[in-house]
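Visitor: sequence first, predicted coordinates after that:
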Amino acid sequence: ATPMSIMTATGRGAQAGVLIKNAEALERFEKVDTLIVDKTGTLTEGKPRLVAVLPEPGHDETEVLRLAASLERGSEHPLAEAIVTGAEARGVSLADASDFDALTGKGVMGRVDGQAVALGNRALLEELGLDAAALADRANARRDEGETVMFVVLDGAVAGMVSVADPVKETTPAALKALHALGFRVIMATGDNERTARAVAARLGIDEIRADVLPEDKARIIRELQEQGRQVAMAGDGVNDAPALAQADVGVAMGTGADVAIESAGFTLVKGDLDGIVRARRLSRATMRNIR
Ligand code: ADP
Ligand code: MG
């Protein structure tokens, strides 16, 4: 494209809330056929709310929540914020945690009031040599609603579960419809549980998902698609998404997301709404058509 047509597109994009970092991004977007979208914070609001505390027999609901929330005060993960805010809203007073440790993609552990507490997903339980089979039915019922379930471990045994819900952004369903209509193959990638991911995807008409992925997996998934000859765009918001945004032919960051995600991307959607991608694609088309 000519410098003039790029400038025009950049100006139009800015007016429409689509920031274009460079000409390459604009040129490449026209060829993109596959779109990888992060779930949390990209398709969803990324502001999960605590919706249920499910103690195991012999454990107290408030106490399970108190221990979980006390521990999560040490974490900056959106799930942690949901649990802490949920506990505070229920009037639970929190204790100080010590020996805090975060396990990427799995959860957190530490000590609260002298007790060993851990909180996270099935991978975390496996790490601790525990098994969630007895809780599977109850956990799955929540996941089928699109909720994310976390296990609370107390002194080496599962004491209960906490469940959070992260609503889909208002603009997401229409944006996905438009993206499908444009012929994109859309794949959801998430660190969340497969069952939860499938429930959210089903509501949005997405039939391909990659769940339980670690941050480095997202970049690898993209590389594999590229090796199959796919031209891949990645949309994401998190620190976790930065390697994938850099690996993609075109990275699209949510303007509401982490700085490192924005730095790794060729496009930034100022309002963090996925319908900005549809606009970005149109700009790319128009620019490339202008110069042919
Ligand atoms: P994503 O942001 O795509 O959901 P993450 O890698 O941040 O992926 O998290 C993956 C999973 O690890 C979460 O769904 C959750 O089960 C668990 N996890 C990560 N951090 C925490 C935390 N602070 N508290 C509880 N669980 C966590
Ligand atoms: Mg995210």
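Guide: Structure received. Ligands and ions are numbered 1, 2, ... in the order given.

Visitor: let me see the ranges of the strands in the stretch 101-250 of the chain.
Guide: Counting by DSSP state E, counting those that start in this stretch, one finds strands in the stretch 101-250 of the chain at the ranges 107-112, 115-120, 148-154, 157-165, 185-189, 208-210, 232-236, 250-254.

Visitor: show me what contacts R90?
Guide: For R90, the contacting residues are T62, L65, by Cβ atoms under 8 Å, 6 or more residues apart in numbering. Yep, even glycine has a C-beta here, placed from its N, CA and C like the rest.

Visitor: how does it look with 7 Å?
Guide: For R90, the contacting residues are L65, by Cβ atoms under 7 Å, 6 or more residues apart in numbering.

Visitor: any idea how far it lies from ligand 2?
Guide: In this view, R90 and ligand 2 are 26 Å apart by Cβ to the ion, to the nearest Å.

Visitor: which stretches of this protein aren't confidently modelled?
Guide: Scanning the chain for pLDDT under 70 picks out 1, 291-292.

Visitor: again, only using 90
Guide: Residues of the chain that meet the criterion pLDDT under 90 lie in 1-9, 22-23, 76-78, 104-105, 132-134, 207, 214-216, 238-240, 282-283, 285-292.

Visitor: neighbours of the single nearest residue of the chain relative to ligand 1, how many?
Guide: Among the residues of the chain, G191 lies closest to ligand 1, at 2.2 Å counting by Cβ to the nearest ligand atom. Around G191 there are 23 other residues, counting by other Cβ atoms under 10 Å.

Visitor: got it, and the one 4 residues further on?
Guide: Residues near R195, counting by other Cβ under 10 Å, number 20.

Visitor: what's the local residue count around the nearest residue in space to it that is not next to it in sequence?
Guide: If the residues on either side of it in the chain are set aside, R195 comes closest to R143, at 3.9 Å by Cβ to Cβ, 6 or more residues apart in numbering. Number of residues near R143 (other Cβ under 10 Å) recorded here: 22.

Visitor: and R143, what does it touch?
Guide: If you count contacts by Cβ under 7 Å, 6+ apart, R143 has them with V149, N193, R195, T196, A199.

Visitor: please name the nearest non-neighbouring residue to the second one.
Guide: This points to N193. Spatial nearest neighbour of N193, chain neighbours left out: R143 (5.8 Å); criterion: Cβ to Cβ, 6+ apart.

Visitor: how much space separates the one you found from D237?
Guide: Distance check for R143 against D237: by Cβ to Cβ, to the nearest Å, it reads 22 Å.

Visitor: do N22 as well
Guide: Using Cβ to Cβ, one obtains 20 Å as the distance from N22 to D237.

Visitor: got it, and V158?
Guide: Using Cβ to Cβ, which is the criterion applied here, V158 is 31 Å from D237.

Visitor: which one's more surrounded, these two?
Guide: The neighbour comparison of V158 against D237 (other Cβ under 10 Å) goes to D237, with 25 against 19.

Visitor: give me the nearest residue to that one, chain neighbours excluded.
Guide: Leaving aside its sequence neighbours, D237 sits nearest to G257 (Cβ to Cβ, 6+ apart; 2.9 Å).

Visitor: with V278 instead?
Guide: With sequence-adjacent residues excluded and distances taken as Cβ to Cβ, 6+ apart, V278 is closest to A178, at 4.7 Å.

Visitor: what's the burial count for the one you found?
Guide: 16.

Visitor: in TSV, list the contacts of R143 along with distance to V51.
Guide: As requested, the contacts of R143 are arranged in TSV below (distance: Cβ to Cβ, whole Å):
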residue	distance to V51
V149	10
N193	15
R195	16
T196	13
A199	14
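
Visitor: within reach of ligand 1, which of those are there?
Guide: Residues shared between those and the neighbourhood of ligand 1: none [Cβ under 6 Å from any ligand atom].

Visitor: closest one of these to ligand 2?
Guide: Relative to ligand 2, the closest of the contacts of R143 is T196; by Cβ to the ion it sits at 13.6 Å.

Visitor: ligand 2 versus the residue nearest to the closest one when sequence neighbours are not counted, what's the distance?
Guide: Setting aside the residues directly before and after it, T196 is nearest to R143 in space (Cβ to Cβ, 6+ apart), at 4.4 Å. Counting by Cβ to the ion, the gap from R143 to ligand 2 is 18 Å.

Visitor: T10 too?
Guide: 26 Å.

Visitor: same thing with A248?
Guide: In terms of Cβ to the ion, A248 sits 15 Å off from ligand 2.
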